[in-house]
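Student: Please work out how this folds:
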Amino acid sequence: MTRPFYRWEGNILILNILGTPNAKKDIVGKVKGHQLCVSVKAEPRAGRATDYMVRFLADEFDVSVSDIQVVSGRMNINKVLRITSPKRLPAVIGQQELIL
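Tutor: Got it, this is the predicted structure:
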């Protein structure tokens, strides 16, 4: 059994992210292994792509930027994020919940 790319701790969603900077567009993609692929247009300079990704994901999950914490991977493509009380879930998470 493979590890899931997310888990819930109460109202907090823990996400394993495989980030892609310098993408053509911002998108929440497919699951690859135990990570959710997220591509952003920002360049990977001094953590700016991660900051940009957090702002993008705040819109996607309908939360404020302060509701997203980068637990690990700020300067890496492999990241772990904590999202407090997401009001909206991308389709890929909804599909996984039906399977689990």
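Student: What residues sit buried inside the helix ranked longest in the chain?
Tutor: Ordering each helix of the chain by length in residues (DSSP state H) puts helix 48-61 first. Of all the residues in helix 48-61, those buried under the rule 16 or more other C-beta atoms under 10 Å are 49-50, 52-54, 56-58, 60-61. C-beta: built from backbone N, CA, C; applies to glycine.
Student: Relative to residue 79, which of those is nearest.
Tutor: Residue 79 has its nearest neighbour among the buried residues of helix 48-61 in residue 50, at 7.0 Å by C-beta to C-beta.
Student: How about the contacts made by residue 21?
Tutor: Neighbour list for residue 21: 40, 42-44, 49, 77 [criterion: C-beta atoms under 8 Å, 6 or more residues apart in numbering].
Student: Which member of those residues is positioned nearest residue 91?
Tutor: Nearest to residue 91 out of these is residue 40 (C-beta to C-beta; 18.4 Å).
Student: you'd agree that closest one is up against residue 49?
Tutor: Yes. Using C-beta atoms under 8 Å, residue 40 is in contact with residue 49, at 5.9 Å.
Student: Need the overlap of contacts for these two.
Tutor: Here residue 40 and residue 49 share the contacting residues 19, 21, scored by C-beta under 8 Å, 6+ apart.
Student: Alright, that wraps it up for me.
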